[in-house]
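*Asks:* 3D model of this:
(2 chains)
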Amino acid sequence: NAGVTQTPKFRVLKTGQSMTLLCAQDMNHEYMYWYRQDPGMGLRLIHYSVGEGTTAKGEVPDGYNVSRLKKQNFLLGLESAAPSQTSVYFCASRSPQGVSGANVLTFGAGSRLTVL
Amino acid sequence: AQKVTQAQTEISVVEKEDVTLDCVYETRDTTYYLFWYKQPPSGELVFLIRRNSFDEQNEISGRYSWNFQKSTSSFNFTITASQVVDSAVYFCALRSNTGKLIFGQGTTLQVKP
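*Replies:* This next block holds a predicted model:
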């Protein structure tokens, strides 16, 4: 089924550990986004990408790195996890403006990360 | 800098009441897009509407209507005759022409029977 797939769905880390969240989309979308959702804070943009090989910082990029080596994948890395990074992470993708569906973000189901 | 503010954190209404969710945005771009998304208790995010900065026409879709006013940088969302199934978190979002897309803090709407 076409869509956005996030792995893993759940993860518990200890402070200082590293991990990578994978976002994969099979819709040939150019734009991809990583958000975190925290109670009372809404969805905050971490990083985004407007195409393969490009990345840009969002509102809360510190402590995260991303890579877009392949168009279909957008990886979010935590090099040294901190309790403040406990959150639900959402990946999303869309087509560029002018292409059908460009205005609709397709979201993944979310990844719940707990840092102890 | 871009910013989206949803000042109402939580709203509680009784079924059949009308309710308006406020959204105020800031941007220096002349071309931009505004969105509303719904997040029901199941957690997925559902697209509701998009408006571009050149289209100030209000829109109605069933019980939903949207009021876009550039003069006040607002994009408010009204639900008429609310129903219990409308209970959800609603997000307003702003996308610049560079592709950056940010969301407001969200408004939790509770519709009581």
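*Asks:* Quick check: buried residues in stretch A:44-55?
*Replies:* Neighbour-count burial for stretch A:44-55 flags A:44-50, A:55 (criterion: 16 or more other CB atoms under 10 Å in any protein chain shown). For every residue, glycine as well, the C-beta is placed using N, CA and C.
*Asks:* and chain A, which residues reach chain B?
*Replies:* By the rule CB under 8 Å from any CB of the partner chain, the part of chain A lying against chain B is A:31, A:33, A:35, A:40-45, A:48, A:50, A:56, A:58-59, A:90, A:92, A:96-97, A:103-105, A:107, A:109-110.
*Asks:* filter the residues you listed to the buried ones?
*Replies:* A:31, A:33, A:35, A:42-45, A:48, A:50, A:58-59, A:90, A:92, A:103, A:105, A:107, A:109-110.
*Asks:* on that earlier part again, sitting in strands, which of the residues of chain A next to chain B do you find?
*Replies:* A:31, A:33, A:35, A:42-45, A:48, A:56, A:90, A:92, A:107 (DSSP state E).
*Asks:* In contact with the residue positioned nearest the centre of chain A, which residues?
*Replies:* In chain A, the residue lying closest to the centroid (CA atoms, centre = their mean) is A:W34, at 2.7 Å. For A:W34, the contacting residues are A:21, A:23, A:45-48, A:58, A:64, A:66, A:74, A:76, A:89-91, by CB atoms under 8 Å, 6 or more residues apart in numbering or on different chains.
*Asks:* switch to 7 Å and redo it
*Replies:* A:46-47, A:66, A:74, A:76, A:89, A:91 (CB atoms under 7 Å, 6 or more residues apart in numbering or on different chains).
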